[in-house]
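**Student:** Requesting a structural model of the entry that follows:
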Amino acid sequence: MALTKADIVEKIAEDLDFKRKKARDATKYILEIIKANLESGEDVLISGFGKFCVNEKRKRRGRNPATGEDMMLSSRKVVTFKCSGKLRKRINGS
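**Tutor:** Numbering: from 1, shown residues only. This next block holds a predicted model:
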């Protein structure tokens, strides 16, 4: 099961003894900061967690899976995530 924004708000409210509205506002604010930086093309590094990077994908040839027709896919930006060494070790139980 995926961790949702509501789950994060609930956990913050319980663990830090915040009111839910304050926890929801703090969570929303943090996510807005991350989104704004990514939107402007900047990477976001969270020490001990990982790095969100904005990468440019070039225009390329693709195929429509429904019709099999060849088509050109336009260039676009994608966000990738690379976890930190500390997180990797924690996930792998090292």
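**Student:** so residue 27 makes contact with residue 5?
**Tutor:** Yes: shown here, residue 27 and residue 5 form a contact pair, counting by C-beta atoms under 8 Å, at 6.3 Å. In short, each C-beta sits where N, CA and C put it, glycine included.
**Student:** okay, these two: which has more neighbours?
**Tutor:** Set side by side, residue 27 and residue 5 show more neighbours around residue 27, with 17 against 11, by other C-beta atoms under 10 Å.
**Student:** Output the contacting helices and strands for the lengthiest helix in the chain.
**Tutor:** Ranked by residue count and defined by DSSP state H, the top helix of the chain is helix 20-39. Secondary-structure packing of helix 20-39 (3 or more C-beta pairs under 8 Å, 6 or more residues apart in numbering; DSSP states H and E): helix 5-15, strand 44-46, strand 50-57.
**Student:** Neighbours of the nearest residue to residue 43 once chain neighbours are set aside, how many?
**Tutor:** Once its chain neighbours are removed from consideration, residue 43 has its nearest residue in residue 53; the separation is 4.8 Å (C-beta to C-beta, 6 or more residues apart in numbering). Burial of residue 53 is recorded as 15 neighbouring residues (other C-beta under 10 Å).
**Student:** Need the pLDDT of residue 53.
**Tutor:** Reported pLDDT at residue 53 in the predicted model: 97.
**Student:** again with residue 2
**Tutor:** In this model, residue 2 is scored at 93, pLDDT.
**Student:** Can you tell me how far it is from residue 8?
**Tutor:** 11 Å (C-beta to C-beta, to the nearest Å).
**Student:** more crowded one of the two?
**Tutor:** More neighbours surround residue 8 than the other of residue 2 and residue 8, with 16 against 4 (other C-beta under 10 Å).
**Student:** which ones are touching the closest residue to that one other than its chain neighbours?
**Tutor:** Leaving aside its sequence neighbours, residue 8 sits nearest to residue 27 (C-beta to C-beta, 6+ apart; 5.5 Å). Going by C-beta atoms under 8 Å, 6 or more residues apart in numbering, residue 27 touches 5, 8, 9, 12.
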